[in-house]
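Asker: okay, structure incoming, though there's no sequence with it:
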């Protein structure tokens, strides 16, 4: 048994310590908001926060998260920055297929926590590695800027 702090709650996970966080979330805890995309930390669909920093949960073992705080997309609606980003996502019609969006949102939230007025280059850098096969990158950028204005 491994104890993980997920979205502010200590949860017991019956899994090998080498199990990636993604699979502990999805398979052991039925938290399916975090998506599997590539399994190699290349697409960003599995992005969650580990002590506030965006990480790729598909390659991060649960053993490295013990004693740290994991935050998933499920916690974003109740978070001021997360809610602003989600509202901006809806306003700008960002999702098409929607598959990558939880990872996109998690990366955008991490950016806005550290940079209240991101420039295009800041957004590009923070969102690098989050792939959207529908190509909604311009809408993502617009939504991040809108969320930043809302939070200002």
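Answerer: Cool, the structure landed. Every value quoted in this text rests on a predicted model; they were computed, and no experiment measured them.
Asker: tell me which element the residue nearest to the spatial centre of the chain falls in.
Answerer: Closest residue to the average C-alpha location of the chain: residue 106 at 2.6 Å, with C-alpha atoms, centre = their mean. With elements taken from DSSP states H and E, the one containing residue 106 is helix 101-114.
Asker: so for that helix, mean pLDDT?
Answerer: For helix 101-114, mean pLDDT is 97.
Asker: need the helices for the chain, in chain order.
Answerer: Remark: helices assigned in the chain by DSSP state H are 21-23, 80-91, 101-114, 120-127, 137-151.
Asker: got a list of what residue 76 touches?
Answerer: 82-83, 85-86, 105-106, 109 (C-beta atoms under 8 Å, 6 or more residues apart in numbering). C-beta: built from backbone N, CA, C; applies to glycine.
Asker: residue contacts, residue 70?
Answerer: Counting by C-beta under 8 Å, 6+ apart, residue 70 touches 4-7, 21, 25, 48-50.
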